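Undergrad: can't give you the sequence, but here's the structure:
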């Protein structure tokens, strides 16, 4: 049975502004509207099906100083949306002290599923980056959100050489703040990010909440809690993970020496998403 879809947002012609609206129409998730202004691009290879698949990208393959990307997402009752990226979000050097920023605002209606699975942010040396995400969940809405960071172009000697990285994620459930996660990393004359991060070159946080993912979240917490602190066949773990239960979900945090290990870990724990989304969201990336 179809349910009333979300209202279309007002059209914005501001540079970098975009909107994506998905509704449940004739027994399938369907795009009602997708708009983007340069430098933002929205690619929608699956506009109708068990879930809509959409990918955000930018002209030039990354964010320049002064770029301000804003994306408004609305997922209607009973619909499902996968929102990802084609590759890591590269943030180029700030030449005059200005920042690059991305802002995501999303509303997820009753019975809907929003899977936000971008590749990690990769800030280059001298980059200044700000990110803010706010997801509002109606009663019975479900969310899987992944937010990741890699150290930069380590092979070019740019390991954590960015100037500043700031990210804030808010998840609001039924008008109640459920998750507030903030990360600020800055290089200062007194202390470098590389020193503070030690041997880890990749970080990721995953938030799972809502009835369509609650069972998987409980299994994730149990599995991570049971895992040994040190593998018996190696001197030290190259990857550390912790999981905390939420009301109806969980928060997972991962740090790894290799970005590929963090990505593989997340794919394994989020494999349950494939039947919900109508396919493996990482299948064509590896």
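TA: Sure thing, it's come through. This is a predicted model, so every value here is computed, not measured.
Undergrad: And the helices in the stretch 101-250 of the chain, which stretches?
TA: Counting by DSSP state H, counting those that start in this stretch, the stretch 101-250 of the chain has helices at residues 193-197, 214-226.
Undergrad: Tabulate these (a markdown table), appending mean neighbour count.
TA: In this view, the C-beta of every residue, glycine as well, is placed from N, C-alpha and C. Shown next, in a markdown table, are the helices of the stretch 101-250 of the chain (neighbours: other CB atoms under 10 Å):
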| stretch | mean neighbour count |
| --- | --- |
| helix 193-197 | 14 |
| helix 214-226 | 16 |
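Undergrad: which residues in the stretch 101-250 of the chain form strands?
TA: 113-117, 121-123, 128-137, 142-150, 164-173, 176-186, 202-209, 239-246, 249-256 (DSSP state E, counting those that start in this stretch).
Undergrad: Can you list the buried residues in the fourth one?
TA: By neighbour count, and taking 16 or more other CB atoms under 10 Å as the criterion, the buried residues in strand 142-150 are 142-150.
Undergrad: same thing with the last one?
TA: Under the neighbour-count criterion of 16+ other CB under 10 Å, strand 249-256 has 249-252, 254-256 buried.
Undergrad: of those, closest to residue 184?
TA: residue 255 (16.3 Å; CB to CB).
Undergrad: Let me see the contact set for the nearest residue to that closest one once chain neighbours are set aside.
TA: Using CB to CB, 6 or more residues apart in numbering and skipping the chain neighbours, the partner closest in space to residue 255 is residue 200 (4.4 Å). By CB atoms under 8 Å, 6 or more residues apart in numbering, the residues touching residue 200 are 240, 255-257.
Undergrad: ok, those residues vs residue 88, which is closest?
TA: Out of these, the member with the shortest distance to residue 88 (by CB to CB) is residue 256, at 14.8 Å.
Undergrad: and that closest one, what does it touch?
TA: With CB under 8 Å, 6+ apart, residue 256 has these contacts: 200-202, 238-240, 262, 265.
Undergrad: hey, what's it bridged with?
TA: Per DSSP bridges, the residues bridged to residue 256 are residue 202, residue 239.
Undergrad: what about residue 259, neighbour count?
TA: 21 (other CB atoms under 10 Å).
Undergrad: doesn't residue 203 make contact with it?
TA: No - taking contacts as CB atoms under 8 Å, residue 259 lies outside contact range of residue 203: 9.6 Å.
Undergrad: if we can go back for a sec, among the strands of the stretch 101-250 of the chain, which is the most enclosed?
TA: Each of those was assessed for mean neighbour count using mean count of other CB atoms under 10 Å. The highest is strand 121-123, with a mean of 27.
Undergrad: same for it, what does it pack against?
TA: Under the contact criterion of 3 or more CB pairs under 8 Å, 6 or more residues apart in numbering; DSSP states H and E, strand 121-123 touches strand 89-91, strand 128-137, strand 142-150, strand 164-173.
Undergrad: where in the protein is pLDDT low?
TA: 1-5, 7-12, 228-236, 285-286 (pLDDT under 70).
Undergrad: let's see 90
TA: 1-14, 59-61, 154-155, 189, 225-238, 283-286 (pLDDT under 90).
Undergrad: got the contact list for residue 227?
TA: Contacts of residue 227 (CB under 8 Å, 6+ apart): residue 241.
Undergrad: now, which of the contacts of residue 200 sits nearest residue 96?
TA: residue 255 (32.6 Å).
Undergrad: Report the contact partners of the closest one.
TA: So residue 255 contacts 200, 202-203, 239-241, 262 (CB under 8 Å, 6+ apart).
Undergrad: Kindly report the same for residue 211.
TA: Here residue 211 is in contact with 140, 142, 248 (CB under 8 Å, 6+ apart).
Undergrad: Same check on residue 67?
TA: Neighbours of residue 67 in contact, by CB under 8 Å, 6+ apart: 16, 39, 58, 100-101.
Undergrad: Dihedrals phi and psi, the residue nearest to residue 255?
TA: Here is the backbone geometry of residue 200 (degrees, to the nearest 10): phi -90, psi 130.
Undergrad: could I get the contacts of residue 255 as JSON lines with distance to residue 191?
TA: Listed next are those as JSON lines, based on distance: CB to CB, whole Å:
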{"residue": "200", "distance to residue 191": "16"}
{"residue": "202", "distance to residue 191": "20"}
{"residue": "203", "distance to residue 191": "17"}
{"residue": "239", "distance to residue 191": "25"}
{"residue": "240", "distance to residue 191": "21"}
{"residue": "241", "distance to residue 191": "26"}
{"residue": "262", "distance to residue 191": "24"}
